[in-house]
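Enquirer: Next come a sequence and a model predicted from it.
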2 protein chains.
Amino acid sequence: MFDFTFHNPTKIIFGAGKDTLIGAELSAAGINTVLLVYGRNSVIKSGLLDRVMASLKDATITCTQFGGVDSNPVLSHTREGVALAKRDKVEAILAVGGGSVLDEAKGIAVGALSDEDVWQFFIGKEVERALPVFTILTLAATGSEMNGNSVVTNTETRQKYNIASPHVYPKVSILNPELTHSVPLDYTAYSAVDAIAHVIEGYFTKQPGTHLQDRLVEGIIKTVIETTDLIMAEPNHAKARASFMWTATLALNGLTPAGIGEYNFPNHMIEHALSAIYNIPHGAGLSIVMPAWMKWYLAKNPSQFARFAREIFGLDSGEAGIAALEQWFVSIKSPVRLGEVEIPAADIGMIAENAEGLAKQWGIGELYPRKPLVRF
Amino acid sequence: MFDFTFHNPTKIIFGAGKDTLIGAELSAAGINTVLLVYGRNSVIKSGLLDRVMASLKDATITCTQFGGVDSNPVLSHTREGVALAKRDKVEAILAVGGGSVLDEAKGIAVGALSDEDVWQFFIGKEVERALPVFTILTLAATGSEMNGNSVVTNTETRQKYNIASPHVYPKVSILNPELTHSVPLDYTAYSAVDAIAHVIEGYFTKQPGTHLQDRLVEGIIKTVIETTDLIMAEPNHAKARASFMWTATLALNGLTPAGIGEYNFPNHMIEHALSAIYNIPHGAGLSIVMPAWMKWYLAKNPSQFARFAREIFGLDSGEAGIAALEQWFVSIKSPVRLGEVEIPAADIGMIAENAEGLAKQWGIGELYPRKPLVRF
């Protein structure tokens, strides 16, 4: 165990139909005007946007709608949101969507209270304040609903960079697992990969010996695999969708790294390069990166890989554990080779250079150091 | 998975020497005057009280000291604290001690802002506000450092009753595991029993099928057993003391029951009767109650007991799992029979009657119903 500070003040309201509570939650927080950030058509077609608007109306909350967030949210659109938030002097940002919508909403919340261009905060300027963020989650994957992270891509510079700040923890996040039933199976698979990726970074790159945290991680991974398999067989499996949703939240809410000391995010650094350059889904990039990284890293931490193989798959060698994970990615149809997403081997040098740039931005000079990362 | 709300806003600062940050934390929260609540001599002898006073002085915080909390905190002393807090118009309560000190401090925090006698809140009056509570924990066991519970005994009526309210979550809790090195091995054993008791109540009395939460519970129990065995062999085992401390916090901070639906606290209800009547240590009472209750309850939930046996002890029957837990309690010298703490069999009727009274106060008419309990 190592020193840590844990402070996660987000209120989670979990359950079917809970999205209609949003107006009351905003009112209870004294909010009268919001910028409602969302993505593309799905929240309109599903009727969710209408329900949210009705809930806001019931609570006499004024709302400026701002749709069009991309699935890898981009800086230019974030800047538009900042301008709208300032124009209408909103008191809070309400994000309705998946992790991308939440991440952009957090960026807008920061930019709205600053005279600086919002990108400055993604490239290192410290966040000192932000508008309060409220969220209604429609896709379980990133954990953004219960953490202080925001990732946005600057398409001009091809940099996918992040803010990590206590000021952007959502005040309230509403998790209605029924909203995730319509998530297509490919994106469900990418979400499962993402949740696993969030916990294995610390698990493999920390110092050995923090068994409580190992067990929390293993519980999360086993549940992700179990529930994803159930969802693949039956996309509307209510219990599995619900359990998956909460598991994905716990995978990146600060619980699993608390007390593990220094650790690193090599797989995320490499993948952020991939999706910054090629705009592939984050989870799809991760299922390509992870098995390859694990094979490379195996010899540096053999006992932890042996533990992983035993605890997750009941297997008796690190190699077998990695192979089983890769095979599981194949079974849920998430790619495991660059060729599957049409990235040529000739690009690897450029990808590495982009990842190295990100490593520098995160304050770490190489892809495998033992020094603290920003809280992510 | 079932609907739930999870909101745990306590900031945890964990690490050796962190107790000296208390003045700065209080200042950051705008606090100028505190009632410092503590127990008996140990915090004086260890030098902790002097360090805390120095930290308060550095932050120019005025302090009224209030020592003498019992290890099962009593109502009469809580009332004295309320009177002092009112007399000196303190802005916060600072608890320095174990779970008993924290629990009494929370009671004082509630009473200080009310014209009613504080006992009213323990017997059912709703808590609407409380002074902010800050804590420095010296004994890991109850989880009070990161939850909204407070248990106090009314010695006149022999009732050990509790408050459960979001208003008494500590604002900041400082966990310095070095402070726990001097906890005697008998109390360390009782603490281990208590932490296990906190998680098994939900694990066995909830509906089946919430595997994520099962895994979190199993991770906690395995870590409690592993670290307690290390501490028994080497009381100053720093890593084990630290890991034990954080594990005990997670055992009752709302994490493990989130999403499990309705559950119950039968072992705690019976044990609260024991310690209300006989003033035995809570953990000692629990190690007597739990194996007996488990044997009685086994047939009502055989698959979960089989799971428990397999996951915790690698055994293949529920009976064997219960026997192994009982044997482990024996191995750490926590009692497993009423006779060991000199409670005669003839008293069992009276004990049951007291526990039934508690069950009624908790809003449940019998010791094994399937209806929601107050958040505990």
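Expert: Happy to help now that I have it. Please read these numbers as outputs of a predicted model, since none were measured by experiment. Numbers count the residues shown, from 1 in each chain, chains lettered A, B, ... in the order given.
Enquirer: which stretches of the stretch 101-250 of chain A form helices?
Expert: A:119-122, A:185-205, A:211-233, A:238-250 (DSSP state H, counting those that start in this stretch).
Enquirer: Now do the buried residues in the shortest one.
Expert: By neighbour count on 16 or more other CB atoms under 10 Å in any protein chain shown, the buried set for helix A:119-122 is A:119, A:121, A:122. C-beta coordinates here come from the backbone N, C-alpha and C atoms, glycine included.
Enquirer: of the helices of the stretch 101-250 of chain A, which approaches residue B:158 most closely?
Expert: For the helices of the stretch 101-250 of chain A, the distance to residue B:158 is smallest for helix A:211-233, at 37.3 Å, taking CB to CB.
Enquirer: for stretch A:310-327, how far is the first residue from the last?
Expert: End-to-end distance for stretch A:310-327: 16 Å, by CA to CA, to the nearest Å.
Enquirer: what is the mean pLDDT for that stretch?
Expert: For stretch A:310-327, mean pLDDT rounds to 98.
Enquirer: Point out where chain A drops to low pLDDT.
Expert: A:362-376 (pLDDT under 70).
Enquirer: Get me the contact residues on the stretch 251-376 of chain A for chain B.
Expert: A:255, A:258, A:259 (CB under 8 Å from any CB of the partner chain).
Enquirer: how about TSV for the residues you listed, with neighbour count added?
Expert: Output for these, formatted as TSV (neighbours: other CB atoms under 10 Å in any protein chain shown):
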residue	neighbour count
A:255	21
A:258	23
A:259	23
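Enquirer: Columns secondary structure on top of the residues you listed, output as TSV?
Expert: Below are those laid out as TSV (DSSP: H, G, I helix; E, B strand; the rest coil):
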residue	secondary structure
A:255	coil
A:258	coil
A:259	coil
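Enquirer: for these, which one is nearest chain B?
Expert: residue A:259 (5.6 Å; CB to the nearest CB).
Enquirer: Now do the phi/psi pair for that closest one.
Expert: phi 100, psi 0 (degrees, to the nearest 10).
Enquirer: Let me know whether it touches residue A:209 as I believe.
Expert: No. Look at residue A:259 against residue A:209 with CB atoms under 8 Å: they stay out of range, at 10.8 Å.
Enquirer: rewinding a little: near chain B too, which of the buried residues of helix A:119-122?
Expert: Of the buried residues of helix A:119-122, not one also sits near chain B (CB under 8 Å from any CB).
Enquirer: Which member of these is positioned nearest chain B?
Expert: Looking across those and measuring by CB to the nearest CB, the closest to chain B is residue A:121, at 22.7 Å.
Enquirer: My read is that that closest one contacts residue A:114, right?
Expert: Yes. Counting by CB under 8 Å, residue A:121 touches residue A:114, with 7.4 Å between them.
Enquirer: residue contacts, the closest residue to residue A:297 other than its chain neighbours?
Expert: Excluding the flanking residues, the one nearest residue A:297 by CB to CB, 6 or more residues apart in numbering or on different chains is residue A:204, at 6.4 Å. With contact taken as CB atoms under 8 Å, 6 or more residues apart in numbering or on different chains, residue A:204 is in contact with A:294, A:297, A:301, A:304, A:305, A:308.
Enquirer: repeat that with 7 Å
Expert: A:297, A:301, A:304 (CB atoms under 7 Å, 6 or more residues apart in numbering or on different chains).
Enquirer: so the last one makes contact with residue A:208?
Expert: So the one you mean is residue A:304. Yes. Using CB atoms under 7 Å, residue A:304 is in contact with residue A:208, at 6.3 Å.
Enquirer: Could you check which of these two has the larger neighbour count?
Expert: residue A:304 (19 against 11; other CB atoms under 10 Å in any protein chain shown).
Enquirer: Now residue A:150. Nearest residue, chain neighbours left out?
Expert: Closest residue to residue A:150 apart from its sequence neighbours, by CB to CB, 6+ apart: residue A:106 at 3.7 Å.
Enquirer: how many other residues sit next to that neighbour?
Expert: Neighbours of residue A:106 using other CB under 10 Å come to 35.
Enquirer: now do residue A:294
Expert: With other CB under 10 Å as criterion, residue A:294 counts 22.
Enquirer: now do the one 3 residues further on
Expert: For residue A:297, the number of neighbouring residues by other CB under 10 Å comes to 19.
Enquirer: Now it: which helix or strand?
Expert: Residue A:297 belongs to helix A:282-297 when elements are defined using DSSP states H and E.
Enquirer: Would you mind getting the angle between the next helix or strand after that helix and helix A:211-233?
Expert: Once the chain leaves helix A:282-297, the next helix or strand it forms, by DSSP H and E, is helix A:302-313. Orientation check (axes from the mean of the first three to the mean of the last three CA atoms, to 10 degrees): helix A:302-313 against helix A:211-233 gives 40 degrees.
Enquirer: quick one on the thing from earlier: what is the nearest of the contacts of residue A:204 to chain B?
Expert: Of those, the one sitting nearest to chain B (CB to the nearest CB) turns out to be residue A:304, at 16.0 Å.
Enquirer: if I look at the closest residue in space to the closest one that isn't next to it in sequence, how far off is residue B:62?
Expert: Nearest-residue entry for residue A:304: residue A:204, 5.7 Å, with adjacent residues in sequence omitted and distances by CB to CB, 6+ apart. From residue A:204 over to residue B:62 the distance is 49 Å, taken as CB to CB, to the nearest Å.
Enquirer: same thing with residue A:141?
Expert: From residue A:141 to residue B:62 the distance is 49 Å (CB to CB).
Enquirer: sorry, back to before: same list (the buried residues of helix A:119-122) but as JSON lines, adding distance to residue A:168.
Expert: Formatted as JSON lines, the buried residues of helix A:119-122 follow (distance: CB to CB, whole Å):
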{"residue": "A:119", "distance to residue A:168": "15"}
{"residue": "A:121", "distance to residue A:168": "10"}
{"residue": "A:122", "distance to residue A:168": "12"}
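Enquirer: who in the stretch 101-250 of chain A is up against chain B?
Expert: For the stretch 101-250 of chain A, the residues in contact with chain B (CB under 7 Å from any CB of the partner chain) are A:209, A:211-212, A:215-216, A:219, A:222-223, A:226, A:239, A:242-243, A:246-247.
Enquirer: Buried ones among those?
Expert: A:211, A:212, A:215, A:216, A:219, A:222, A:223, A:226, A:242, A:243, A:246, A:247.
Enquirer: For the stretch 1-150 of chain A, which segments are assigned as strands?
Expert: A:4-6, A:11-14, A:33-38, A:62-66, A:92-97, A:133-137, A:149-154 (DSSP state E, counting those that start in this stretch).
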